[in-house]
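Dropping a prediction and its sequence here:
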Amino acid sequence: MVRALSLNQQVKSDNAVLNITALRQQRAALGDEEFTRLLGRHFDEASVSAVLSLTAMLPTTGGRSGQVR
């Protein structure tokens, strides 16, 4: 999925949004520590940092799931 994101960004494809969404879902399912560990096994530090930045979740407010400020 990370490689697909990279390719889609290079060609300016709208599919990059789908890749980011899928990676956010994987990050949420795995948790930050495991997601970061797995990325680090396959990609360099700069790539890991870029993916973590793109998949960063916004905090919720008011205790209601899914609401972002």
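Noted; the coordinates are in hand. Numbers count the residues shown, from 1 in each chain.

From what I see, Leu54 and Leu23 are in contact.
Yes - using C-beta atoms under 8 Å, Leu54 makes contact with Leu23 at a distance of 7.2 Å. Heads up, the C-betas are built off the backbone N, CA and C, glycines and all.

what residues are up against the residue most central in space within the chain?
Centroid check for the chain by C-alpha atoms, centre = their mean gives Thr55 as the closest residue, at 2.8 Å. Thr55 sits next to 20, 23-24, 27, 35 when contact means C-beta atoms under 8 Å, 6 or more residues apart in numbering.

immediately after whatever helix or strand Ala29 lives in, which helix or strand?
Assigned by DSSP states H and E, Ala29 falls within helix 15-30. Note on helix 15-30: by DSSP H and E, the next helix or strand toward the C-terminus is helix 32-42.

That next one - what's its average pLDDT?
Mean pLDDT, helix 32-42: 95.

what's the spacing between that helix and its chain's center?
Helix 32-42 has its C-alpha centroid displaced from the chain centroid by 11 Å (C-alpha atoms, centre = their mean, to the nearest Å).

Report the mean per-residue pLDDT for the helix or strand just after it.
Along the chain past helix 32-42, the next helix or strand (assigned with DSSP H and E) turns out to be helix 45-54. Averaging pLDDT along helix 45-54 yields 93.

For helix 45-54, buried residues please.
Buried residues in helix 45-54, counted by 16 or more other C-beta atoms under 10 Å: 48, 50-51, 54.

which of those lies closest to Asn15?
Leu54 (13.8 Å; C-beta to C-beta).

Run through the residues that contact that closest one.
Counting by C-beta under 8 Å, 6+ apart, Leu54 touches 5, 20, 23.

residues near the last one, how many?
Neighbours of Leu23 under the rule other C-beta atoms under 10 Å: 20.

got it, and Asn15?
Asn15: 13 surrounding residues under other C-beta under 10 Å.

I'd say it and Ala4 touch.
Yes - look at Asn15 against Ala4 with C-beta under 8 Å: they come within range, at 7.5 Å.
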